[in-house]
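Q: have a look; sequence and predicted model below, questions after that.
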Amino acid sequence: MNKAYRKAVIAGNWKMNKTPREASALISEMRPLVQNADCDVVLCVPFIDIPAAVEAAKDSNIKIGAENVHFKASGAYTGEVSAQMLVESGVEYVVVGHSERRTYFGETDQTVNLRTLAALEAGLKPIVCVGETLEQRELGYTETLLKYQTKMALTNVKPEQLKNVIIAYEPVWAIGTGVTATADQADEGNGFVRAAVAEAFGEEAAKALTVQYGGSMNAGNAAELLAKENVDGGLIGGASLKAADFATIVEAASK
Ligand code: PGA
């Protein structure tokens, strides 16, 4: 982290876990543990949990995010949720382009871009995910791929909107596997993302951009990862489902 230039943000990504009742209980448990955080604290929760989560996080420093957003404002898109619906529900952040959506739900670089634009237009802060597979890494494509995904995701984003964007570098091979990237790999990947943003938007904009690392970040390894210059926070899956573990990561980002 380099707090002189940019904000540290720790975001939980609950994926398809927790019912509304369980969401309330977990947030109530987390609230006192993260209240003194010196970083932004976000919980991205399933759509159906949003009202309960917003209520449980009321008057606390926990912000609520969604895990996806559709790119159209309204219309015949059965099962989808628009950016405005999220805004009206009290949501401030939204995960876009998570590798699970790319893998299981046909998400492409183009739809990731459209979702990012729709989120920004509505005033949401997108947490845009990029990351290479193990095969791509072994073939030596990590830098090329991360730069490509980053630039594609940010196509037509206006320079003044970039301050509302967070990018999460999440190596696909590290997500939910217990295999974390080394701190150097995380720093390097985040650095590639920042370099792509510098190429597209200039050095100053890149310097101010929050780039998270995600992929098996946990209470045990967070401090080492977050000590790296380019790691400005984390997108946390499994460890965000346990109040104490999540609070330890928030504490590590508050140093
Ligand atoms: P994980 O998930 O922390 O469980 O690896 C991270 C993510 O998918 O955002």
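A: It's in. Numbers count the residues shown, from 1 in each chain.
Q: contact partners for the nearest residue in space to residue 240 that is not next to it in sequence?
A: Take residue 240 and drop its neighbours on the chain: the residue closest to it by Cβ to Cβ, 6 or more residues apart in numbering is residue 12, 2.8 Å away. (Each C-beta comes from the backbone N, C-alpha and C, glycine too.) Residue 12 makes contact with 42-44, 236-237, 240-241, 246, according to Cβ atoms under 8 Å, 6 or more residues apart in numbering.
Q: what about 7 Å?
A: Residues near residue 12 by Cβ atoms under 7 Å, 6 or more residues apart in numbering: 42-44, 236, 240, 246.
Q: would you say it is within a helix?
A: No: under DSSP: H, G, I helix; E, B strand; the rest coil, residue 12 falls outside any helix and is assigned strand.
Q: max pairwise distance over the contacts of residue 12: which two?
A: The most widely separated members of the contacts of residue 12, counting by Cβ to Cβ, are 44 and 246 (12.2 Å).
Q: now the end-to-end length of stretch 39-59.
A: 16 Å (Cα to Cα, to the nearest Å).
Q: quick thing: my sequence starts at 54, can you match it?
A: Right, with 54 as the first residue, what we last looked at is stretch 92-112.
Q: quick check: mean pLDDT across it?
A: The predicted model gives stretch 92-112 an average pLDDT of 98.
Q: check stretch 194-214 too.
A: Per-residue scores along stretch 194-214 average to 98.
Q: pull the distance from that stretch to the chain's centre.
A: Put simply, stretch 194-214 sits 15 Å off its chain's centre (Cα atoms, centre = their mean, to the nearest Å).
Q: show the end-to-end separation of it, please.
A: Stretch 194-214: ends 29 Å apart by Cα to Cα.
Q: ok, and what's touching it?
A: 150, 162, 165-166, 169-170, 173, 181, 183, 185, 189, 218, 220, 222, 242, 245-246, 248-250, 253-254, 258.
Q: now do the contacts for the residue in the stretch 204-308 of the chain that the ligand sits nearest to.
A: Of the residues in the stretch 204-308 of the chain, the one nearest the ligand is residue 290, at a distance of 2.2 Å by Cβ to the nearest ligand atom. Going by Cβ under 7 Å, 6+ apart, residue 290 touches 66, 68, 228-229.
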